[in-house]
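Enquirer: just the structure for this:
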Amino acid sequence: MSAVADEQRVSRQRGIPFAALLLIISAVRAIGFLIALWTDYAGSNGYLASPNHPFGSDFINLWTAGRMALAGLIGDIYSPDAFMAYQHGFVSDDIGFRVWAYPPHSLIMAWPFGLLGYYPTYLLWSALGLAVLVYGARKFGFGWTETGILALSPAAMQNVILGQTGNLACGLLLAALAGVSIGSRSAIVSAAILTIKPQTGFLLPLIWLRNKRWGLVAGATIAIVALVALSIMVFGADAWRAYIGETLPELAQLEREGSGPFMQMIPSTFMSMRLLGFDADGASLVHFAFAGLVMAVLLWRLWVERSPERQAALILIGVCLVTPYMHLYDLTVLMAGGLILMRDERLSPSITKIAAILAWILPMTLGWLAVAGLPIAPLIVLFVFAVACIPERGGTMAAGKQAT
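Expert: Model (predicted):
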């Protein structure tokens with residue numbers, strides 16, 4: 001066996017105990033999340049886990065959208081006042097500002113979730129998100145150990161607790177990124193569905209263009225147009241007008257001027273600046289200047305990087321820095337990027353472990369840092385991104401089977 005091959009074998013052996021340990025810690029922490037969830041359920045009253053707080057948090061928005069779609073109230077879904085008025089028809093408590101934030105073609109997938117009762121549908125939704133996450137991880141090439149770490153990570157569990165879409169979006173993005181190496185209809189379909197959450201997948205075309213995957217670009221474009229056209233045929237053009245004219249301005253206003261605990265859930269430079277006292281215009285200026293620099297580096301590294309896996313890591317981590325609109329439950333994409341770095345034998349095992357640990361722990365510490373007056377999440381993500389940008393120095397990417 002050559003010296004290089006022997007060094008790679010030793011490197012893999014060093015990585016196995018760490019990955020196994022991280023999986024065990026993730027499993028233990030996931031059990032804690034599920035115990036907290038069961039406690040909420042045991043103490044729930046109707047749709048509420050506690051006064052003014054729905055069980056499953058934002059899941060109530062999905063269930064509401066599904067019920068309204070089945071009732072033919074499509075126009076009201078994208079009127080925030082009408083949306084909340086419908087919710088108050090079955091929940092008397094003030095449960096805060098509620099809105100269906102996803103574009104109308106999301107209703108093609110949302111309406112079936114209005115067919116069943118609230119709690120069975122919540123279980124179904126949570127299981128679906130985790131299933132898509134596992135599917136995307138395996139499709140991308142993660143071994144079972146890596147997939148377990150991702151599916152049991154704090155970010156993934158936050159999606160279950162909060163009834164959110166981050167697991168679904170990350171799984172779709174990983175499946176779409178897998179198309180760079182293997183190309184498939186599943187990559188096209190995944191990319192098209194991912195447009196319901198564009199802030200997660202908007203960098204995806206860069207890696208397809210860089211690798212000249214014109215079939216994927218063309219196929220995804222056709223699929224997206226077909227989805228939008230289908231949504232107009234089924235739900236009407238007024239849904240799109242209401243989404244653009246009412247929902248998007250409300251979301252922008254909330255992001256720019258709103259206050260409250262939600263600010264502690266957003267790791268973007270924009271929100272960090274707002275937490276430090278900047279007004280919306282000043283925060284936007286700083287964010288987009290920073291995001292522009294990140295994009296310049298990302299494009300350069302994407303162009304010179306030969307490994308499709310490292311390219312995928314750049315996309316997964318870079319999106320967390322570029323978009324101003326990302327929450328802690330969306331950080332499954334950051335964890336996926338950290339796991340890719342862990343398998344890269346061209347990098348120091350120590351520095352990749354640090355990057356993975358930071359990606360793992362950020363969703364749990366984001367709020368604490370904000371409360372402590374230290375909104376440094378962008379700097380933490382920047383470190384992980386910097387690791388992904390370290391130039392090639394020989395070695396190979398470890399195969400998924402070797403990482404298990």
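
Enquirer: buried stuff in the helix or strand that L248 is a member of?
Expert: For L248, the enclosing helix or strand under DSSP states H and E is helix 248-257. Buried positions in helix 248-257, judged by neighbour count with 16 or more other C-beta atoms under 10 Å: E250, L254, E255. The way it works is simple: take the backbone N, C-alpha and C, and place the C-beta from them, glycine included.

Enquirer: quick one: mean pLDDT over it.
Expert: The average pLDDT within helix 248-257 is 90.

Enquirer: contact partners of the next helix or strand after it?
Expert: Remark: after helix 248-257, the chain's next helix or strand is helix 269-275, criterion DSSP H and E. With contact meaning C-beta atoms under 8 Å, 6 or more residues apart in numbering, helix 269-275 is reached by 255, 263-264, 280, 282-284, 286-287, 290-291, 321, 324, 370, 373, 375-378.

Enquirer: can you rerun that using 6 Å?
Expert: Helix 269-275 is contacted from outside by M263, A283, V286, H287, F290, P324, A370, P375, P378, using C-beta atoms under 6 Å, 6 or more residues apart in numbering.

Enquirer: all strands of the stretch 51-200 of the chain, in order?
Expert: Ranges of strands within the stretch 51-200 of the chain are 53-54, based on DSSP state E, counting those that start in this stretch.

Enquirer: the closest residue to V381 other than its chain neighbours: neighbour count?
Expert: With C-beta to C-beta, 6 or more residues apart in numbering as the criterion, V381 has its nearest non-adjacent residue at 4.9 Å, and that residue is C320. Using other C-beta atoms under 10 Å, C320 has 26 other residues around it.

Enquirer: mind checking how far C320 is from E250?
Expert: Using C-beta to C-beta, to the nearest Å, C320 is found at 24 Å from E250.

Enquirer: equivalent analysis for L341, please.
Expert: To E250, L341 is 37 Å away according to C-beta to C-beta.

Enquirer: check L62 too.
Expert: 18 Å.

Enquirer: would you mark the buried spots in whichever strand or helix holds S350?
Expert: Using DSSP H and E, S350 sits in helix 349-371. The neighbour-count check on helix 349-371 (16+ other C-beta under 10 Å) flags 349, 352-356, 358-363, 365-366, 369-370 as buried.

Enquirer: do stretch 269-283 as well
Expert: In stretch 269-283, the ones that count as buried by 16+ other C-beta under 10 Å are T269, F270, M271, S272, M273, R274, L275, F278, A280, A283.

Enquirer: confidence score at the fourth one?
Expert: S272 is assigned a pLDDT of 96 by the prediction.

Enquirer: quick one: it from T323, how far?
Expert: From S272 to T323 the distance is 13 Å (C-beta to C-beta).

Enquirer: what does stretch 313-333 rub up against?
Expert: Applying C-beta under 6 Å, 6+ apart, the contact partners of stretch 313-333 are 155-156, 158-159, 162, 164, 166-167, 170, 199, 203, 207, 265-266, 268, 270, 287, 291, 294, 298, 301-302, 334, 336-337, 340-341, 362-363, 366, 381, 384-385, 388.

Enquirer: quick one: end-to-end length of that stretch, please.
Expert: 9 Å (C-alpha to C-alpha, to the nearest Å).

Enquirer: and that stretch, how far out from the chain middle?
Expert: 7 Å (C-alpha atoms, centre = their mean, to the nearest Å).

Enquirer: please pull up the helix or strand immediately following the helix or strand containing P17.
Expert: Assigned by DSSP H and E, P17 belongs to helix 3-42. Downstream of helix 3-42, the first helix or strand assigned by DSSP H and E is strand 48-50.

Enquirer: who touches V304 in this structure?
Expert: Counting by C-beta under 6 Å, 6+ apart, V304 touches no other residue.

Enquirer: I'm done for today, thanks for sticking with me.
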